[in-house]
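Enquirer: Test case, fold it:
(one chain, ligands or ions: 2)
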Amino acid sequence: MNGTNADEIKVSLLGVRGSTPTSGKDTLEYGGATSCLLVQAGGRSIFLDAGNGILNAPDIPDDPVSVFFTHMHLDHVLGLPYIPHLNDKGHSVDLYARKQEGTTLREQIDQIFRHPGWPCGLDVYTARVTTHDAQFPVMIGEMEIDAAKSVHPGDSTVYRVTYHGKSIVYATDYEYDEATEGTLIDFAKNADLLFFDGQYTEEEYQTRRGYGHSTVSQGLIIMEKAHVKQLKIVHHDPGHTDRFLKEWEDKVKTERISFAKEGEIIRL
Ligand SMILES: [Zn+2]
Ligand SMILES: [Zn+2]
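Expert: Ligands and ions are numbered 1, 2, ... in the order given. As a prediction, this is how the structure comes out:
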């Protein structure tokens with residue numbers, strides 16, 4: 001059962017850095033690997049995004065392996081060639097994204113993972129790889145995965161995973177706006193845990209409007225209005241060191257609000 005109890009959702013934070021990976025001693029605590037969450041419940045596992053955080057994945061027995069992409073920005077797909085079991089003959093890997101007008105998930109992946117961006121395409125891997133331009137909700141075991149459109153340049157997706165009455169919402173690469181907040185508030189309603197893109201400080205946000213990311217205080221607005229129990233800030237800016245993030249987190253931290261750290265495991 002993946003080390004989970006019957007009613008438990010286990011979330012492993014494999015990568016929580018935004019935009020590009022970081023390396024070196026200044027980002028060891030919060031972590032330098034990009035977006036990737038592993039959600040496990042009822043004996044099944046799903047990945048949300050495949051940033052290079054997917055290299056931190058534990059062994060998972062799932063066949064097929066299921067990966068849900070928010071969008072194709074590099075920080076969310078960097079780890080795609082390292083999806084577990086991708087090179088295991090006889091194994092299956094299912095890749096999902098929200099169905100989009102005019103392009104398929106396969107075409108989008110092919111634009112990145114082939115010459116000259118990468119030496120080979122998806123067809124080279126020995127697992128049976130299937131791409132799904134999905135209509136949501138999708139069921140993986142007893143987990144229900146729902147999706148909604150985010151607010152982000154070039155589009156992105158917000159996910160909600162529900163299992164035995166508990167829900168987590170993954171709203172990375174989301175730019176808050178008063179005019180459009182209603183969509184996320186409805187989608188995240190009464191969630192137990194909201195992962196929210198709080199990449200920028202209030203000051204930084206002033207010069208980065210339209211980049212597709214939000215601030216911590218905007219996450220608080222969604223948390224309160226959607227009656228979400230807990231808020232985890234993700235997509236840390238690559239320029240924010242551990243010291244910077246720690247000082248910032250100390251100012252905003254409560255029992256319900258904290259900053260995500262790579263390697264952290266949350267059980268709901
Ligand atoms: Zn991103
Ligand atoms: Zn993005």
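
Enquirer: CA atoms for contacts and neighbours, from now on please.
Expert: Fine.

Enquirer: Bridged to the residue nearest to Glu264 when sequence neighbours are not counted, which residues?
Expert: For Glu264, the nearest residue in space outside its immediate sequence neighbours is Leu13; the separation is 5.4 Å by C-alpha to C-alpha, 6 or more residues apart in numbering. Using DSSP bridges, the beta-bridge partners of Leu13 come out as Leu37.

Enquirer: wait, doesn't Leu13 sit right on Ile265?
Expert: Yes - under the criterion of C-alpha atoms under 8 Å, Leu13 lies in contact with Ile265, with a separation of 6.2 Å.

Enquirer: So these two - more neighbours on which side?
Expert: Per other C-alpha atoms under 10 Å, whichever of Leu13 and Ile265 has more neighbours is Leu13, with 25 against 15.

Enquirer: Could you check how far the more buried one is from Glu144?
Expert: Noted for Leu13: a distance of 19 Å to Glu144, by C-alpha to C-alpha, to the nearest Å.

Enquirer: now swap in Val124 and tell me
Expert: From Val124 over to Glu144 the distance is 31 Å, taken as C-alpha to C-alpha.

Enquirer: the more surrounded of the two?
Expert: Glu144 (16 against 11).

Enquirer: give me the beta-bridge partners of the more buried one?
Expert: Beta-bridge pairing of Glu144, defined through DSSP bridges, involves Met139, Thr162.

Enquirer: In the stretch 151-268 of the chain, what residue spans correspond to helices?
Expert: With DSSP state H, counting those that start in this stretch applied, the stretch 151-268 of the chain shows helices at 181-187, 202-207, 216-225, 242-252, listed in chain order.

Enquirer: most packed of the ones you listed?
Expert: Among these, the stretch with the highest mean neighbour count (mean count of other C-alpha atoms under 10 Å) is helix 216-225, at a mean of 19.

Enquirer: quick check: mean pLDDT across that one?
Expert: Helix 216-225 shows a mean pLDDT of 98.

Enquirer: what helices or strands is that helix leaning on?
Expert: helix 181-187, strand 193-197, strand 230-234 (3 or more C-alpha pairs under 8 Å, 6 or more residues apart in numbering; DSSP states H and E).

Enquirer: Need the contact partners of that helix.
Expert: 176, 181, 184-185, 194, 196-201, 228-231, 233 (C-alpha atoms under 8 Å, 6 or more residues apart in numbering).

Enquirer: Is Asp26 in a helix, a strand, or coil?
Expert: Classification of Asp26 using DSSP: H, G, I helix; E, B strand; the rest coil returns helix.

Enquirer: just checking, Gln108 touches Leu74?
Expert: No - shown here, Gln108 and Leu74 do not form a contact pair, counting by C-alpha under 8 Å, at 11.5 Å.

Enquirer: what residues does stretch 44-62 touch?
Expert: The set of residues that contact stretch 44-62 without belonging to it, under C-alpha under 8 Å, 6+ apart, is 1-2, 14-16, 21, 33-40, 65-70, 74-80, 82-84, 140-141, 143.

Enquirer: now do stretch 140-160
Expert: Under the contact criterion C-alpha under 8 Å, 6+ apart, stretch 140-160 has outside partners 41-44, 46, 69-71, 98, 136-139, 161-164, 167-176, 184, 187-188, 210-213.

Enquirer: Now do it: distance from first to last residue.
Expert: 13 Å.

Enquirer: cool, and stretch 255-268?
Expert: One end of stretch 255-268 sits 15 Å from the other (C-alpha to C-alpha).

Enquirer: same check, this time on stretch 123-133
Expert: 18 Å.

Enquirer: Could I get the average pLDDT for it?
Expert: In this model, stretch 123-133 has an average pLDDT of 97.

Enquirer: From the chain's centroid, how far away is that stretch?
Expert: Between the centre of stretch 123-133 and the centre of its chain there are 21 Å (C-alpha atoms, centre = their mean, to the nearest Å).
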